[in-house]
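Participant: here is a sequence together with a model predicted from it:
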Amino acid sequence: MNTSQIARLKTLLQTALPPTHDGLPSRDLWPDLRRRIAAESEPTARFSIPWFDWALAGGVALVAVAFPAAVPLFFYYL
Amino acid sequence: MTSHPYLRAFLAGAFVPTLVLPLMLTGFIVLRLVLDVPFPFERGIIFPMALVPSLWALWNMLWLRSSDRTHLAIGMHGALLPFLLVPGGALLATSLHVLSIGADGVTWFNAVHVPYTWIVPVFLAALAAYYLMWKYVVGFLNRTLGIA
């Protein structure tokens, strides 16, 4: 590829790609990024138990209270 | 950590029942050796001590192998295990004379009587408990060991 071809390719690329705006963002984006990194690294923020699972756990506890003799059987299968 | 995924799945699957084993052993020692209960618990203890951990481990390996095709969540996959464990355990317990089947219910270890009317709610609770354990404990271990 000679120099003129490279120049032509450069022109074609420049016309095909939209120009980027050189202006700065309207506000400082660094605090948002820091919050995001902190939220992702904090295990409690990621770990949430849906209500359905709480309901299931409550049902299991209810059955264990209602049928206490079944608890050792449960451990037999564990 | 990309090698031996099935070995890691085996270890993650066997984790929960392995934690329960000391409790089973403690219960066995207290009942048989301390309280001198005259029932041979050791006959029935083979199921929770030898077979259940292996079945959990193999079940997790099966999930690892099939999840790409089935897209079944780990909790749902674990909740299917009692459908295999309960009949298998009952069959083994009956053949070892640990479980006796009566007219109004079954009796485990000559001591724990379970009426037939209990079986449905207790089985549903077992499904729920398995779902939660597989979703939160085995799922966490799978993620920690890099296979989920």
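Facilitator: Cool, got the structure.
Participant: quick check: next helix or strand after the longest helix belonging to chain B?
Facilitator: Determined from DSSP state H, the single longest helix within chain B is helix B:5-29. Per DSSP states H and E, the first helix or strand lying C-terminal to helix B:5-29 is helix B:41-44.
Participant: so what's the gap between the following helix or strand past that next one and the chain middle?
Facilitator: Toward the C-terminus, helix B:41-44 is succeeded by helix B:46 as the next helix or strand (DSSP H and E). Put simply, helix B:46 sits 12 Å off its chain's centre (Cα atoms, centre = their mean, to the nearest Å).
Participant: for helix B:46, what is the average pLDDT?
Facilitator: Confidence over helix B:46 (mean pLDDT, whole number) is 77.
Participant: which residues sit against it?
Facilitator: Residues from elsewhere that reach helix B:46 (Cβ atoms under 8 Å, 6 or more residues apart in numbering or on different chains): B:92, B:96. The way it works is simple: take the backbone N, C-alpha and C, and place the C-beta from them, glycine included.
Participant: re the thing from before, do the longest helix of chain B and chain A meet at all?
Facilitator: Yes - counting by Cβ under 8 Å from any Cβ of the partner chain, chain A is contacted by helix B:5-29 at B:16-17, B:20, B:23-24, B:27.
Participant: so which of these comes closest to chain A?
Facilitator: The closest of the residues of helix B:5-29 next to chain A to chain A turns out to be B:Val20 (Cβ to the nearest Cβ; 4.8 Å).
Participant: residues in contact with the nearest residue to the closest one once chain neighbours are set aside?
Facilitator: Among residues not flanking B:Val20 along the chain, A:Leu78 sits closest, at 4.8 Å (Cβ to Cβ, 6 or more residues apart in numbering or on different chains). By Cβ under 8 Å, 6+ apart, the residues touching A:Leu78 are B:16-17, B:20, B:48, B:52.
Participant: count of neighbours near residue 31?
Facilitator: The chain I'm using is chain A. 9 (other Cβ atoms under 10 Å in any protein chain shown).
Participant: wrong one, chain B
Facilitator: Using other Cβ under 10 Å, B:Leu31 has 15 neighbouring residues.
Participant: residues in contact with B:Gly88?
Facilitator: By Cβ under 8 Å, 6+ apart, the contact list for B:Gly88 reads B:Leu51.
Participant: nope, A:Phe67 is what I was after
Facilitator: Contacts for A:Phe67 (Cβ under 8 Å, 6+ apart) come out as B:118, B:121-122.
Participant: get me the contact residues on chain A for chain B.
Facilitator: A:49, A:53, A:56-57, A:59-60, A:63-64, A:66-67, A:69-70, A:72-78.
Participant: buried ones among the residues you listed?
Facilitator: Listed as buried from the residues of chain A next to chain B are A:53, A:56-57, A:60, A:63, A:67, A:70, A:73-74, A:76-78; burial here means 16 or more other Cβ atoms under 10 Å in any protein chain shown.
Participant: among those, give me the pair with the biggest separation.
Facilitator: A:Asp53 and A:Tyr76 (24.3 Å; Cβ to Cβ).
Participant: still on that earlier bit, pick out the most distant pair among the residues of helix B:5-29 next to chain A.
Facilitator: Maximum distance among the residues of helix B:5-29 next to chain A (Cβ to Cβ): 17.1 Å, for B:Val16 and B:Gly27.
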